[in-house]
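Participant: The following comprises the amino acid sequence and a computationally predicted model.
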Amino acid sequence: MDDGLSRETTARPRLVLISGSLRGGSVNSAVISTAAALAPSEVGTLIYRRMADLPHFNPDDDREPLPEPVSDLRRTLNDACAVLVSTPEYAGSLPGSFKNLLDWTVGGASLYERPVGWINPSALGGSEDTYRALRIVLERAGAEIVAGACKDIPTPRDAIGADGLISCAEIRAEIQSVVAALAERVLAKR
Ligand SMILES: Cc1cc2nc3c(=O)[nH]c(=O)nc-3n(C[C@H](O)[C@H](O)[C@H](O)COP(=O)(O)O)c2cc1C
């Protein structure tokens, strides 16, 4: 299902969705794909899939000409009406690859004043430290954290259906409420 390409369903306003996991069969990626599928028709969606292409953040490289994956990331976020993320916890905090992505957004101010929400799918109701850390990073990046679009939605691995999306109706309803809250904020700003 994941061919490594970002998928755009409409031009604008466009919600960009990012999974903090690179793992095949990732719960976070399934949640992100499900959120994209359940987004209200007023917003388009684009799932960002190039996290693994980003070089390690180095301030020396944060100048023109930027590495191509970095310009692509910044362009993608700068064109976004809002951003939804879902990340696992590794060793008590954000995965290094996802923190690396977030570090690249700071110089480009790509999240500045952009509405951002998150879904914490930790099945055991954990990952509080990670989402606390995420909030701090997003605040430093100047993002607008949309309270109604930030939710713990415990999602066990067996909630992923054969199509790679979350199949459990209750969890899908929770995911839909998050993406609806983010879209509502976007539409209110227009
Ligand atoms: C290296 C590594 C470290 C982990 N550290 C934690 C942790 O500190 N706390 C936790 O709750 N889960 C931890 N986990 C479990 C992952 O967060 C969990 O498996 C998550 O569902 C993975 O997300 P994914 O399915 O989207 O890849 C760790 C997993 C790995 C591979």
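Facilitator: Looks like it came in fine.
Participant: for the ligand, what are the nearby residues on this structure?
Facilitator: Within the chain, the positions near the ligand by C-beta under 6 Å from any ligand atom are 21, 23, 26-28, 88-92, 122, 126-127. Yep, even glycine has a C-beta here, placed from its N, CA and C like the rest.
Participant: Now, of the residues you listed, which are buried?
Facilitator: Ser21, Ser26, Val27, Asn28, Pro88, Glu89, Tyr90, Ser122, Ser127 (16 or more other C-beta atoms under 10 Å).
Participant: just the residues you listed: which has the poorest pLDDT?
Facilitator: Checking pLDDT across those, the minimum falls on Ser127 at 93.
Participant: residues contacting the closest residue to that one other than its chain neighbours?
Facilitator: By the measure of C-beta to C-beta, 6 or more residues apart in numbering, the closest residue to Ser127 outside its immediate chain neighbours is Glu89, 4.1 Å from it. Residues near Glu89 by C-beta atoms under 8 Å, 6 or more residues apart in numbering: Ser122, Gly126, Ser127, Asp129, Thr130.
Participant: Doesn't the second one belong to a strand?
Facilitator: No - going by DSSP: H, G, I helix; E, B strand; the rest coil, the assignment for Gly126 is coil, not a strand.
Participant: excluding its backbone neighbours, what's nearest it?
Facilitator: Glu89 (6.7 Å).
Participant: Repeat that for the fourth one.
Facilitator: Excluding its sequence neighbours, the residue lying closest to Asp129 (C-beta to C-beta, 6+ apart) is Gly92, at 5.3 Å.
Participant: confidence score at that neighbour?
Facilitator: So, for Gly92, pLDDT stands at 94.
Participant: Now do the phi/psi pair for it.
Facilitator: phi 80, psi 10 (degrees, to the nearest 10).
Participant: for Leu182, same thing?
Facilitator: Torsion angles, degrees, to the nearest 10, at Leu182: phi -70, psi -40.
Participant: So what's the residue count around it?
Facilitator: 28 (other C-beta atoms under 10 Å).
Participant: was I right about it contacting Pro115?
Facilitator: Yes - the criterion here is C-beta atoms under 8 Å, and Leu182 meets it with Pro115 at 6.2 Å.
Participant: Where does Glu42 sit: helix, strand or coil?
Facilitator: coil.
Participant: contacting residues around it?
Facilitator: Pro13, Ala183, Leu187.
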